[in-house]
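Engineer: Model the following, please.
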Amino acid sequence: MEGRVGSEIKTLVICVDRDNDIGEKAGLKTPIIGREAVFSAATQLALADSEESDINAIFEAVRIYERLRSTEGGGESEVILLAGDKNVGVESDRKIGRELDDVLSQFRADSAILVSDGAGDEWIIPIIQSRVKIDSVRRVVVKQSEPLESTFYVIKRMLEEPKFARTFLPPIGLILFLLAISLLLELSGKAIGLILAFIGIYTLLKGLGRENLLIDLFESVKQSLYSGKISFVTYIVAIVLLLAGTSQGIRGYTKLEPEISERILLSMMYYIKFTIGWYIGAALAPLIGKMMNMLIEREKIVRQWAILFSIIASGVILWGGSECIIWLSKGNYPMGYLTLSLSILGAVILSFIGVKISWYLRSSVIPENEEVEAGIEAEESRVRE
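Structural biologist: Here you go, the predicted model:
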């Protein structure tokens, strides 16, 4: 390691090897200071691995240093090589920071020029800026591979980001799995329809900020399995009912007359009519399983009653709306309006019943809690006396 201890240098030309190829492949220790030492390090790395991209960056750092020496004159610039660790991350960046501190303890620099071989090394810019001002950043990438390397690094960083991975990788994995199964079973047409439906549901939930519903559902199923609760069985029942209802809807849709199936709104109403009962059952199954678990564990069932009746009321209004549109398409207006009115009335009554049951149970639970608290306070007062 070359250097002039205590000398003043105006500009440091810093070349960074974040993944420590210079140490792993050439067996050199950093920091490396001085034109001759850095040039020799680049030569040794080239002999060890001629395809290594860091070689170009090191030679570019030497070139910039020579240009600065020729224009500024004297000893107002110096070139150094810093390296991190093969396990790129926190420890690698800390090592680079320590090496830069060692260099700055020997040379007082006013500014720095950073030379790197790609976007990966430039993540340490804040580390260098916290110690010395950066005047310029020079990225050295072989021209033919620059877009490829930058794209590859961006994708790599995105895949390593936990939030991105948990949000986007599971749907992509499920889509690829369904495509593979469809190709093996020669059901590509149906699989594409199922994939489009899944993408549509996921996009809808993502747009509404409710994408965690699927994650929470899977977590709830897992916890039910591990704890041996009845709700795990009811989750399986819900999936079976959902698949059966979808199959029933597709079967009923394919049997429609051609003039009906060509009308999108009317065909959707027929699909709802065929599937709504199954879907309501699928929605109720996990809720009923949870209520059964609460009964076994001697917990009070309060708001679950309101949810149960609300789900049934929603099914009634959806069925009534689809039936109304079907009757209206046939020209039977009185029957259509009557069906819609009765379904709305039934939905309101069911919702009212669910709310009243919840209110009644909640009012009965509150006095019990008050009695328990009063008993505890009385016992505490007797103990104090």
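
Engineer: Look at Val240 and say how many residues are nearby.
Structural biologist: Using other Cβ atoms under 10 Å, Val240 has 14 neighbouring residues. Bear in mind the C-beta positions are built from the backbone N, C-alpha and C, glycine included.

Engineer: let me fix that: Ile264
Structural biologist: 8.

Engineer: in the stretch 251-385 of the chain, which spans are helices?
Structural biologist: 258-261, 264-296, 303-329, 333-384 (DSSP state H, counting those that start in this stretch).

Engineer: could you redo these as JSON lines and give each row distance to Ile80?
Structural biologist: Listed next are those as JSON lines, based on distance: least, Cβ to Cβ, whole Å:
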{"stretch": "helix 258-261", "distance to Ile80": "73"}
{"stretch": "helix 264-296", "distance to Ile80": "63"}
{"stretch": "helix 303-329", "distance to Ile80": "66"}
{"stretch": "helix 333-384", "distance to Ile80": "70"}
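
Engineer: any chance of those in a markdown table, with distance to Phe232 and mean pLDDT too?
Structural biologist: Shown next, in a markdown table, are the helices of the stretch 251-385 of the chain (distance: least, Cβ to Cβ, whole Å; pLDDT from 0 to 100):
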| stretch | distance to Phe232 | mean pLDDT |
| --- | --- | --- |
| helix 258-261 | 39 | 58 |
| helix 264-296 | 8 | 84 |
| helix 303-329 | 18 | 88 |
| helix 333-384 | 25 | 75 |
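
Engineer: can you map out the helices along the stretch 51-200 of the chain?
Structural biologist: Under DSSP H, counting those that start in this stretch, the stretch 51-200 of the chain gives helices at 54-72, 90-106, 125-129, 146-160, 162-185, 188-207.

Engineer: which residues touch the third one?
Structural biologist: Yep, that's helix 125-129 we're talking about. If you take Cβ atoms under 8 Å, 6 or more residues apart in numbering as the criterion, helix 125-129 is touched by 14, 93, 96-97, 100, 112, 114, 134, 137.

Engineer: out of these, which is most surrounded?
Structural biologist: Neighbour-wise, those (other Cβ under 10 Å) top out at Ile14, 27 neighbours.

Engineer: which SS class is it?
Structural biologist: Three-state assignment for Ile14 (DSSP: H, G, I helix; E, B strand; the rest coil): strand.

Engineer: Mind listing the residues bridging to it?
Structural biologist: Assessed by DSSP bridges, Ile14 has beta-bridge partners Ile80, Leu114.

Engineer: Quick check: Ala57 touching Val13?
Structural biologist: No - under the criterion of Cβ atoms under 8 Å, Ala57 makes no contact with Val13, lying 11.0 Å away.

Engineer: overlap in contacts of those two?
Structural biologist: Joint contacts of Ala57 and Val13 (Cβ under 8 Å, 6+ apart) are Val115.

Engineer: more crowded one of those two?
Structural biologist: Using other Cβ under 10 Å, the more surrounded residue of Ala57 and Val13 is Val13, with 29 against 23.

Engineer: what bits of the stretch 151-300 of the chain have low per-residue confidence?
Structural biologist: Counting by pLDDT under 70, the stretch 151-300 of the chain shows low-confidence ranges at 151-168, 178, 182, 185-198, 200-202, 204-229, 253, 256-263.

Engineer: what about 80?
Structural biologist: Applying pLDDT under 80 to the stretch 151-300 of the chain picks out residues 151-232, 249-267, 297-298.

Engineer: Ok, the stretch 1-150 of the chain next?
Structural biologist: Where the stretch 1-150 of the chain drops to pLDDT under 80, the residues are 1-10, 50-53, 71-76, 86-89, 107-108, 116-124, 138-150.

Engineer: ok, how many other residues are close to the closest residue to Met292 other than its chain neighbours?
Structural biologist: With sequence-adjacent residues excluded and distances taken as Cβ to Cβ, 6 or more residues apart in numbering, Met292 is closest to Ile230, at 4.9 Å. By the criterion of other Cβ under 10 Å, Ile230 has 16 neighbours.
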